[in-house]
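In: Give me a model of this one.
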Amino acid sequence: MSSILTVSREEIIQHIKLSCQIPAIAREVAIRKVITAAALEAGIEISQEELQQAADNLRVANNLLQAGETWAWLQKYCLSLDEFEELASTNLIATKLAQHLFADQVEPVFIEHHLDYAGAVLYEVVLDDADLAMELFYALQEGEMSFADVAQHYIEDTELRRLGGYRGRVARSDLKPEISASVFAATPPQLLKPIITPKGAHLIRVEEIIQPQLDEPLRVKILADLFSIWLNQRIDQIEIVTQIEPATPVESTTKSDFVPNGGVHAGVSS
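Out: Residues are numbered from 1 along each chain as shown. Next comes the predicted model:
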């Protein structure tokens, strides 16, 4: 039977201080305050139905499909049911504020930065020896060996070697400029001449160039990027003064299906 070690609130706060996490945490608190204030100023409101959906989404995102799983998750993160509702509400308000501020800017940004959202499907082997990379390039061109053969012999990473050097779909921003320029100028399927970077000689086979489409995932990404830039700009204009107050006792929480006063169903039961 494992032993039990109790960690107090004071010890947790002390650890956060000693591990120098206070500035980062204070910044996150400031971000939440900025979002709340901006949403209030914009007149953003949330309905009970929206809040319930946000709570359900939060459970699904954390794979909390059963009541017991939800309750165990709340206990693990020391959250009460009220705090679970607050978390769902905070996420929802941030989403609605981002929509309010930047929904009409997503398409113009996509059009302006269209090329940045292109993707490529490729295979890659990185070698230390540029001369060897060139030899392998010519051997591949002549059909003397396959890219899978090269990967099998020259990739150290076990999983990547098993995949034959397959990197899947990568965005332009995932690649170094000197590599992305060659990759996105390719006519797939095409084997590229070795590209030399400080990391080594990159032997790359481009299988496909994927032209960007403004689908829902990309729309969400652009919206999140715009919102993040705006938040960071607001926070950088603020002087954050941190005050660590003495801890106050935490009230016990009773297991319940519902938060009192018409709150959100958290999916837990007694």
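
In: What segments of the protein are helices?
Out: Assigned helices in the chain, in chain order: 9-18, 22-41, 48-61, 67-76, 81-102, 106-112, 130-141, 147-154, 158-162, 177-183, 216-236 (criterion: DSSP state H).

In: Name the single longest strand found in this structure.
Out: Across the chain, the longest stretch assigned as strand under DSSP state E is strand 200-210.

In: how about that one: buried residues?
Out: 200-207, 209 (16 or more other CB atoms under 10 Å). The C-beta positions use only the backbone N, C-alpha and C, and glycine is treated the same way.

In: what does stretch 155-166 give?
Out: Result for stretch 155-166 [16+ other CB under 10 Å]: buried residues 155, 160-161, 164-166.

In: What mean pLDDT does it get?
Out: The average of the pLDDT scores along stretch 155-166 is 95.

In: And the residue nearest to the spatial centre of the chain, what's its pLDDT?
Out: Centroid check for the chain by CA atoms, centre = their mean gives residue 221 as the closest residue, at 9.8 Å. Residue 221 carries a pLDDT value of 94.

In: repeat for the one 4 residues further on
Out: Per-residue pLDDT puts residue 225 at 96.

In: about what we covered before: Provide the contact partners of the longest strand of the chain at residue level.
Out: 118-130, 132-134, 136-137, 140, 147, 150, 165, 169, 179, 182-184, 186, 188-192, 194-196 (CB atoms under 8 Å, 6 or more residues apart in numbering).

In: Helix 147-154 and that strand, what's the angle between them?
Out: 150 degrees (axes from the mean of the first three to the mean of the last three CA atoms, to 10 degrees).

In: quick one: strand 200-210 to helix 130-141, angle?
Out: 40 degrees.

In: Only alpha carbons, please: show strand 200-210 as PDB.
Out: Backbone C-alpha positions of strand 200-210 (Å, rounded to 0.1, in the frame of the first residue of the first chain) are rendered in PDB as follows:
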ATOM      1  CA  GLY A 200      23.000  19.100 -41.800                       C
ATOM      2  CA  ALA A 201      22.300  18.100 -45.300                       C
ATOM      3  CA  HIS A 202      18.500  17.700 -45.900                       C
ATOM      4  CA  LEU A 203      17.500  15.100 -48.400                       C
ATOM      5  CA  ILE A 204      13.800  15.800 -49.100                       C
ATOM      6  CA  ARG A 205      11.200  14.200 -51.300                       C
ATOM      7  CA  VAL A 206       8.100  16.400 -51.800                       C
ATOM      8  CA  GLU A 207       5.000  14.300 -52.300                       C
ATOM      9  CA  GLU A 208       2.300  17.000 -52.500                       C
ATOM     10  CA  ILE A 209       1.800  20.700 -52.100                       C
ATOM     11  CA  ILE A 210      -1.500  21.500 -50.400                       C
END
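
In: For that strand, the averaged confidence score.
Out: When pLDDT is averaged along strand 200-210, the result is 97.

In: Tell me which strands that strand pairs with, and in which orientation.
Out: With DSSP bridges as the test, strand 200-210 is paired with strand 119-127 (antiparallel), strand 190-191 (antiparallel), strand 195-197 (antiparallel).

In: how far out from the middle of the chain is the second one?
Out: Strand 190-191 has its C-alpha centroid displaced from the chain centroid by 31 Å (CA atoms, centre = their mean, to the nearest Å).

In: now what about that strand, what contacts it?
Out: 137, 140-141, 147, 203-206.

In: Over to the first one?
Out: Residues from elsewhere that reach strand 119-127, judged by CB under 8 Å, 6+ apart: 133, 136, 147, 150-151, 154-155, 164-172, 175, 183-184, 186, 188, 194, 199-210, 212.

In: Need the buried ones from the contacts of strand 200-210 selected in ChimeraX.
Out: In ChimeraX syntax, the buried subset of these is picked out as below (16+ other CB under 10 Å):
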select :119,120,121,122,123,124,125,126,127,133,136,137,140,147,150,165,179,182,183,186,191,192,194,195
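
In: ok so, going back, and the buried residues of stretch 155-166, which is closest to residue 73?
Out: Among those, residue 160 lies closest to residue 73 (CB to CB), at 33.8 Å.
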